[in-house]
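> Requesting a structural model of the entry that follows:
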Amino acid sequence: MLPLLVLASDGGEHRVRDCIEKLADGFNLSPADRRELLPSGKMTRLVNRVHWAKMYLTQTKLLESVKRGLFKITDRGRNILKENPSHIDRNMLARFPELSEFESRTKEPTTAVNIIEPSSSDTPQERLESLFAELQAALAAQVLQQVRDCSPEFFEQ
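Numbering: from 1, shown residues only. The predicted structure is shown next:
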């Protein structure tokens with residue numbers, strides 16, 4: 001998230017799509033890296049990461065939406081940059097009450113028995129896709145086991 005905040009530190013208004021290209025150039029990403037898709041195959045990892053970074057920075061008021069599609073840095077964002085952080089992640093943003101408010105609005109109570117602690121580098125989209133893939137694999141294994149447990153007579157019928 002830090003590179004996006006630094007990019008916005010010029011005080012101007014920015015579009016996410018313009019920032020995506022500037023960040024990709026700044027990181028010297030290869031064409032293959034720029035085209036790398038999420039497991040869903042619907043969005044590139046780069047686009048996904050930049051959009052989530054903007055979302056978190058906006059929710060914690062380090063960036064503000066000026067109008068549709070445009071954002072700029074806030075005084076809070078400038079103050080964070082003055083601290084010269086090595087990186088910005090969810091743990092760092094946890095000091096702002098807006099983050100817990102945002103996360104409580106977007107989370108519903110879960111009844112899942114096995115809760116997996118997400119990696120701080122994964123976006124919510126990547127976590128969902130990873131959990132979905134795990135569920136698919138578990139379901140496939142369960143169906144396969146049920147088929148193996150069936151008698152030969154079952155298949156004849």
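
> Just give me the residue closest to the centre of the chain.
Centroid-nearest residue in the chain: residue 123, 2.0 Å away (criterion: Cα atoms, centre = their mean).

> Quick check on it: phi, psi?
The phi and psi values for residue 123, taken as degrees, to the nearest 10, are phi -80, psi 160.

> Where do the strands of this structure begin and end?
Secondary structure of the chain by DSSP state E: the strands cover 14-15, 63-67, 70-73.

> Figure out which of the ones you listed is closest to residue 8.
Smallest distance to residue 8 across those (Cβ to Cβ): 4.2 Å, for strand 70-73. The C-beta positions use only the backbone N, C-alpha and C, and glycine is treated the same way.

> what ranges of the chain fall below the confidence cut-off?
The chain contains residues with pLDDT under 70 at 106-120, 149, 154.

> that older thread, dump the strands of the chain into a markdown table; add mean neighbour count as well.
A markdown table is the format used below for those (neighbours: other Cβ atoms under 10 Å):
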| stretch | mean neighbour count |
| --- | --- |
| strand 14-15 | 15 |
| strand 63-67 | 14 |
| strand 70-73 | 18 |
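
> Columns distance to residue 25 on top of these, output as a markdown table?
Below are the strands of the chain laid out as a markdown table (distance: least, Cβ to Cβ, whole Å):
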| stretch | distance to residue 25 |
| --- | --- |
| strand 14-15 | 15 |
| strand 63-67 | 20 |
| strand 70-73 | 19 |
